[in-house]
Each structure stands twice: as C-alpha cells, then as structure tokens.
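**Q** quick one, what's the 3D model for this:
(one chain, ligands or ions: 1)
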Amino acid sequence: MIQQETQEKTAMSESKQADSQQLQTVLRLDQVRKSYGSNAVLRGISFQVRAHETVALLGPSGSGKSTLMKCINLLEEVNDGQIWLGDTDITNPTVNRDHCRSRIGVVFQQFNLFPHMNVLKNVTLGAIKVHNMPKDEANDKALELLDRIGMRAKASSYPDQLSGGQQQRVAIVRALMCDPELLLLDEITSALDPMLVGEVLEMVAELKTKGTTILMATHEMSFAHDAADRIVLLLNGKIAENGSPREVMDESQNPQTIEFFSHFRGI
Ligand SMILES: Nc1ncnc2c1ncn2[C@@H]1O[C@H](COP(=O)(O)OP(=O)(O)OP(=O)(O)O)[C@@H](O)[C@H]1O
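**A** Reported below is the predicted structural model:
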C-alpha cells in the first residue's frame, strides 16, 4: 500500500515537473526548413530554448545561423515546419507578426543605431512608437538600463561619438526596453575590433546571470564554452549537436563535430 502511494506520488511529481518544463519553453522549433532557390539552407531544424537559458548557436560560415535567426524574428518565411514562441505558432499565416516580433528583442552584427539620434532617443524610439510606452516611462527605463552598464553619462551622445563596443551595448539596451521573452543576438561581436569584444560579451554574461533568455549565434567559441548553458551546432543544414558545452565541445565523438571545433583549438 505504502509502496503504491509512493509510486503515485512520484508519478504525480514527475508529471508536474514535465508540465512545468513544458510551460518553461520560450522557443520551440519543429522541423524548420528554409531554401533559397535550390540552396536548402535549413533542412529540418528542431530544438527548444527554455526560460532563463543561454543557448549558443554555432556553425561554420554559411551554415544558416543568420537565416535561422531571421526565421525566428519573422524577417524570413520558413518553407516548412513551425516556430513556437511560448504557445503561439508564429509561423501560422494568421498570426499578428508585429505583435510576435515585439515579444522578441534582436541585436544584429551591425550596430543599426540611427546616426542622427542621440543614445536616449535611439533606445526609447521603438518603445514609444511601437509599444506605446509613455515617453517619461521610456526615458526613466532607458536611463536606468544605461546606468546599469555605466553609460548613463552618454545618453546625449550620438552614435559616432561612441566606440563600436559602446554602440553594440546601446543596441542591447534598446532590445531590452520592452522586457522581451527572448533575446536574439546574431553575431553581435563579429564587426567589432577584437579589443572591444570583451565588454560586449561581459554584458551578455551579466544578462544571463539576471535570468534573461538568450539565443545567440556566435563565432566566440571560448565564450560559448564558458557562458552558454547549451550549444546547438548547425552543420550542413541540420543540427549535429544539442547539448551542454562539455558534451558538445569536449566530449563529442562525432567526427564532423570534432573537425569543426579543431579549427578553434588554441584560440
Ligand atoms: N537573402 C538570401 N538570398 C539567397 N541566399 C541567401 C540569402 N541569405 C542567405 N543566403 C544563403 O544562405 C546560406 C546561409 O547563410 P547565413 O548567412 O544564414 O549563414 P551563417 O551561418 O549566418 O554565416 P556567417 O557565420 O558567415 O554569418 C548561405 O549559402 C547564403 O549564401
């Protein structure tokens, strides 16, 4: 009798755990396919990002990382498969695309700040115009976020008065203004002088400690190894690996994976 009760309790607790894991899935890709003409770039991509996870998307140049990011941000349409943001299938043609986009914060490789607007305007513009945040509230929030990264004093500066690293950190602040469910970072350090990469990655590491849910495409292998919770490796349009940095980068026996990471040994 006691044994039966214990088994029932265990089953209940396992099912509760499964439920809570289900609830915690922020992003889920299910057999996503995308081609450009005859070039099949994504050939059935499935993986999940759970709340508070930092997932690093790795792969050789041209493997489709940016294409995948654009599909998630609805800048490209998938040919097949589904992308779920929480419980919304954002690939469903009837969905409100602007609303879906507003739930995701995105930072690209190029800085994308408006050159004729100062930092405060750049950071608050989308929040005010797209999300209808009252101007005072947007200014307060922007200044608080800039303060956190030591850039409040630059609020009146223009982009060309900032270093590339500072511009990219401002772009991240802008992406965070409306508390996105997911932060997409697409090779955000690739265009930076190597001296400036560290300060941007430090900011990402800081966001991770605050529980931000992050999917980042990157070529920064050391950072991915040390800071990501999970690595998704794209090779030849498919997912070759999906596991912890140790499992994927140190212990995988897949010859293609070993070949890919061999190019970065010692960097
Ligand atoms: N708009 C487009 N039209 C046609 N082909 C495209 C387009 N965008 C990307 N591609 C092709 O899709 C493939 C994947 O490109 P993508 O930029 O997604 O790769 P990536 O992994 O992000 O590369 P990198 O690490 O160099 O940024 C490449 O063969 C590229 O030429």
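
**Q** residue contacts, the closest residue to the ligand within the stretch 101-250 of the chain?
**A** The minimum distance from the stretch 101-250 of the chain to the ligand, using C-beta to the nearest ligand atom, falls at E187 (5.8 Å). C-beta here means a position set from N, CA and C on the backbone, and glycine is covered the same way. Contacts for E187 (C-beta atoms under 8 Å, 6 or more residues apart in numbering) come out as 65-66, 108-109, 217-219.

**Q** in a strand, that's where R28 is, yeah?
**A** Yes: assessed with DSSP: H, G, I helix; E, B strand; the rest coil, R28 lies in a strand.

**Q** give me the nearest residue to it, chain neighbours excluded.
**A** Once flanking residues are discounted, R28 sits nearest to W84: 4.2 Å by C-beta to C-beta, 6 or more residues apart in numbering.

**Q** a helix runs through the one you found, doesn't it?
**A** No: with three-state DSSP as the criterion, W84 is strand rather than part of a helix.

**Q** that one reaches V26, doesn't it?
**A** No: using C-beta atoms under 8 Å, W84 is not in contact with V26, being 9.2 Å away.

**Q** ok, the two, which is more surrounded?
**A** Neighbour totals were compared for W84 and V26, and V26 leads with 23 against 17 (other C-beta atoms under 10 Å).

**Q** from G237, how far off is the more buried one?
**A** 24 Å (C-beta to C-beta, to the nearest Å).

**Q** near the ligand, list only the ones from the contacts of E187.
**A** 65-66 (C-beta under 6 Å from any ligand atom).

**Q** among the contacts of E187, which lie within helices?
**A** Among these, the ones falling in helices (DSSP state H) are 65-66.

**Q** by neighbour count, which of the contacts of E187 wins?
**A** Going by other C-beta under 10 Å, A217 tops the contacts of E187 with 25 neighbours.

**Q** go ahead and confirm it touches S190.
**A** No: counting by C-beta under 8 Å, A217 sits too far from S190 to count as a contact (9.3 Å).

**Q** phi, psi for V41 please.
**A** phi -80, psi -50 (degrees, to the nearest 10).

**Q** now do the contacts for it.
**A** 34-35, 64, 67, 237.

**Q** mind showing which ranges of this structure have poor pLDDT?
**A** 1-23, 111, 265-267 (pLDDT under 70).

**Q** so which bits of it are right by the ligand?
**A** Going by C-beta under 6 Å from any ligand atom, the residues of the chain near the ligand are 36, 39, 41, 59, 61-67, 187.

**Q** cutoff 5 Å now
**A** Residues of the chain found near the ligand (C-beta under 5 Å from any ligand atom) are 36, 41, 61-67.

**Q** can you report how many residues lie near the closest residue to D30 other than its chain neighbours?
**A** Nearest non-adjacent residue to D30, counting by C-beta to C-beta, 6+ apart: Q82, 4.5 Å away. Applying other C-beta under 10 Å, we find 15 residues neighbouring Q82.

**Q** follow-up on the earlier one: pick the one among the residues of the chain next to the ligand closest to N254.
**A** N254 lies nearest to S63 out of the residues of the chain next to the ligand, by C-beta to C-beta, at 14.9 Å.
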